[in-house]
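**Q** mind folding the following:
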Amino acid sequence: MKSKLSNLIIALLVMVACVACCNTPSGENYKTKDGMIVFDEPARAAGQESMLGFAAEPIPVVRVGFVGLGMRGPGAVNRFTHLEGVEIKGLCDLEQKNVTKCQPYLTNAGMPKADEYVGPEAYKQLCERDDVDLIYIATDWLNHTPIAVYAMEHGKHVAIEVPAATSVEECWQLVDTSERTRRHCMMLENCVYDFFELTSLNMAQQGLFGEILHAEGAYIHNLSDYWNDYYGNWRLDFNQKHRGDVYATHGFGPVCQALNIHRGNRLNYLVCMDTKSVNGLEWAQKKMGSTEFANGDHTNTLIKTELGQTIELQHNVYTPRPYNRLYQLTGTKGFANKYPITGFTFMPGQVPDEVLPEGATINPHGFVSDEVKEAVLAAYKHPIHQEIEEKAKTVGGHGGMDFVMDLRWVYCLQNGLPLDTDVYDLATYSSIVELSERSVNARSSAIDFPDYTRGG
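**A** The predicted structure follows:
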């Protein structure tokens with residue numbers, strides 16, 4: 001009996017020691033609380049102010065410098081030549097050939113050539129110029145945050161490709177720097193400006209779906225054609241080292257807007273689970289000679305909001321599947337779906353009679369007819385698209401949504417308006433990278449979402 005009691009006491013002491021260790025991991029910025037992993041939320045430093053609703057002084061002519069001209073950057077340079085009230089001051093990249101290939105976009109549009117900056121530290125010279133208002137960052141993921149922080153510290157607004165950050169620590173760096181410098185920090189999430197998503201957002205805001213209870217988003221895109229080329233280095237390397245949803249924002253951003261995240265609602269916690277790596281591992285063996293690959297071929301993340309809704313995210317860039325961002329909104333009165341079939345479902349009487357074609361009926365068990373769908377899309381077309389859709393589709397950029405995105409935030413800068421997505425949206429969307437990895441590495445434990453607004 002004494003021996004059993006001693007063993008029990010020893011076991012309890014070991015358990016307490018393990019719990020204490022889990023609650024205070026050495027060098028980490030998180031702890032466990034009530035069975036949930038909770039990240040530290042640093043207090044706002046003296047001199048910093050919230051950026052919620054922030055509007056800078058109007059900039060009638062926005063002077064831009066581009067950093068990163070390998071894949072996404074050249075398209076952005078080209079789109080900017082179609083915007084009014086902008087000047088392209090500088091082009092920066094690691095390689096001269098990437099800078100050189102972008103100059104014809106300017107000259108063909110009747111614009112002067114931009115100054116050239118080449119090399120790993122060249123972006124600093126561009127950020128230090130007095131005649132640049134905005135730095136547009138389209139580098140590899142790991143360089144997004146360092147360049148953005150340097151640019152804001154030198155008085156520049158920044159726009160950053162997705163994901164803007166790859167860790168919670170980097171997200172806090174961007175938030176704190178934006179608050180301290182009073183400079184906009186926006187993520188270039190183009191999918192929130194896509195035509196179906198923005199129209200569905202307008203419908204949701206007008207109550208056509210009733211109360212939205214569940215939303216789904218994804219990035220399902222077989223990148224096998226890219227691993228041999230541009231993505232064959234830094235992006236494959238990142239996936240080889242990290243589990244979880246490393247590229248969530250295309251599916252995540254639009255559904256967050258529909259659920260009013262940071263506009264009366266917030267994300268509460270998530271759990272994540274993945275499959276084993278098969279195709280990813282094959283690419284790692286082929287391209288890197290590696291026998292390990294962290295990222296699962298398919299990853300699922302579930303999120304709960306403060307107001308009781310759920311979000312499902314999926315990530316898969318390895319297996320042969322049609323491109324799919326999901327984008328589903330499930331409401332008490334209606335349903336929106338984009339992939340693989342674009343359509344809506346409504347309760348009878350939910351669509352106003354003046355919108356419905358004559359003689360049309362609503363079946364709550366299936367998609368509305370094509371005639372009703374087109375009538376609804378036309379009636380609820382977002383005001384932004386009413387103004388710019390035709391030109392956007394002509395200029396292009398993922399069907400035009402890239403141009404709508406650029407035009408919209410440049411318009412906000414020119415007119416001294418708050419941005420549609422601010423630094424807190426940026427940080428929250430980008431947090432999925434680390435939060436999902438922490439969850440899946442801890443047997444799908446619940447992870448608390450940091451509140452980058454600090455209660456705002």
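**Q** so where's this structure uncertain?
**A** For the chain, the stretches with pLDDT under 70 are 1-27, 229-232.
**Q** swap in 90 and give it another go.
**A** Judged against pLDDT under 90, the low-scoring parts of the chain cover residues 1-38, 40, 224-234, 286-288, 387, 389-390, 396-397.
**Q** now residue 265. Nearest residue, chain neighbours left out?
**A** Excluding the flanking residues, the one nearest residue 265 by C-beta to C-beta, 6 or more residues apart in numbering is residue 307, at 5.0 Å. For glycine as for every other residue, the C-beta is placed from the backbone atoms N, C-alpha and C.
**Q** now do the same contact list for the residue minimising distance to the centre of the chain.
**A** Central residue of the chain (C-alpha atoms, centre = their mean): residue 249, 2.9 Å from the mean position. By C-beta atoms under 8 Å, 6 or more residues apart in numbering, the residues touching residue 249 are 162, 163, 187, 189, 191, 429, 430, 432.
**Q** and which of these is nearest residue 296?
**A** For those, the residue nearest residue 296 by C-beta to C-beta is residue 432; the value is 14.7 Å.
**Q** start to end distance for stretch 284-294?
**A** 10 Å (C-alpha to C-alpha, to the nearest Å).
**Q** same question for stretch 233-253.
**A** Note: stretch 233-253 ends 27 Å apart using C-alpha to C-alpha.
**Q** centre of the chain to it, how far?
**A** Centroid displacement of stretch 233-253 relative to its chain, using C-alpha atoms, centre = their mean, to the nearest Å, is 11 Å.
**Q** ok, back up a step: for the residue nearest to the centre of the chain, what are phi and psi?
**A** phi -70, psi -30 (degrees, to the nearest 10).
**Q** residue 382 contacts residue 197, correct?
**A** No: if you go by C-beta atoms under 8 Å, residue 382 and residue 197 don't touch, sitting 9.2 Å apart.
**Q** higher neighbour count, these two?
**A** residue 197 (24 against 19; other C-beta atoms under 10 Å).
**Q** contacts only, for the more buried one.
**A** So residue 197 contacts 191, 254, 327, 338 (C-beta under 8 Å, 6+ apart).
**Q** do that again at 10 Å, thanks
**A** 191, 217, 253-255, 257-258, 325, 327, 329, 336, 338, 382, 401 (C-beta atoms under 10 Å, 6 or more residues apart in numbering).
**Q** which SS state does it fall under?
**A** helix (DSSP: H, G, I helix; E, B strand; the rest coil).
**Q** that one and residue 299, how far apart?
**A** 22 Å (C-beta to C-beta, to the nearest Å).
**Q** do the same with residue 112
**A** 46 Å.
**Q** compare these two and say which is more crowded by neighbours.
**A** Each of residue 112 and residue 299 has its neighbours counted (other C-beta under 10 Å); residue 299 has more, 26 against 11.
**Q** partners of the more buried one in the sheet?
**A** With DSSP bridges applied, residue 299 shows beta-bridge pairing to residue 274, residue 315.
**Q** isn't it up against residue 274?
**A** Yes: at 4.2 Å, residue 299 counts as touching residue 274 under the criterion of C-beta atoms under 10 Å.
**Q** between those two, which contacts overlap?
**A** Common neighbours of residue 299 and residue 274 (C-beta under 10 Å, 6+ apart) are 243, 244, 245, 315, 316, 436, 437, 440.
**Q** how many residues are close by residue 50?
**A** Residues near residue 50, counting by other C-beta under 10 Å: 16.
**Q** let me fix that, I meant to ask about residue 57.
**A** 6.
**Q** same check on residue 110?
**A** Neighbours of residue 110 (other C-beta under 10 Å): 7.
**Q** check residue 453 too.
**A** Neighbours around residue 453, by other C-beta under 10 Å: 18.
**Q** contact partners for it?
**A** Here residue 453 is in contact with 50, 51, 52, 175, 262, 266, 422, 423, 424, 425, 427, 428 (C-beta under 10 Å, 6+ apart).
**Q** so which of those is the most crowded?
**A** residue 423 (30 neighbours).
**Q** residue 258 against residue 196, yeah?
**A** No: the criterion here is C-beta under 10 Å, and residue 258 misses it with residue 196 at 11.8 Å.
**Q** what residues do these two have in common as contacts?
**A** Going by C-beta under 10 Å, 6+ apart, residues that sit against residue 258 and also against residue 196 are 327, 336.
**Q** which one of the two is surrounded by more residues?
**A** residue 258 (25 against 18).
**Q** closest one of the contacts of residue 197 to residue 360?
**A** residue 336 (18.0 Å).
**Q** what helix or strand is the closest one on?
**A** strand 334-337 (DSSP states H and E).
**Q** could you check how far the very next helix or strand once past that strand is from the centre of its chain?
**A** Past strand 334-337, further along toward the C-terminus, the next helix or strand under DSSP H and E is strand 343-346. Distance of strand 343-346 from the chain centroid (C-alpha atoms, centre = their mean) equals 26 Å.
**Q** what does stretch 341-355 give?
**A** 30 Å.
**Q** buried ones in that stretch?
**A** For stretch 341-355, the neighbour count (16 or more other C-beta atoms under 10 Å) marks 343, 344, 345, 346, 350, 351 as buried.
**Q** show me which positions of stretch 119-129 end up buried.
**A** 122, 123, 126, 127, 129.
**Q** which among these gets closest to residue 28?
**A** Checking those one by one against residue 28 (C-beta to C-beta), the nearest turns out to be residue 123, at 30.5 Å.
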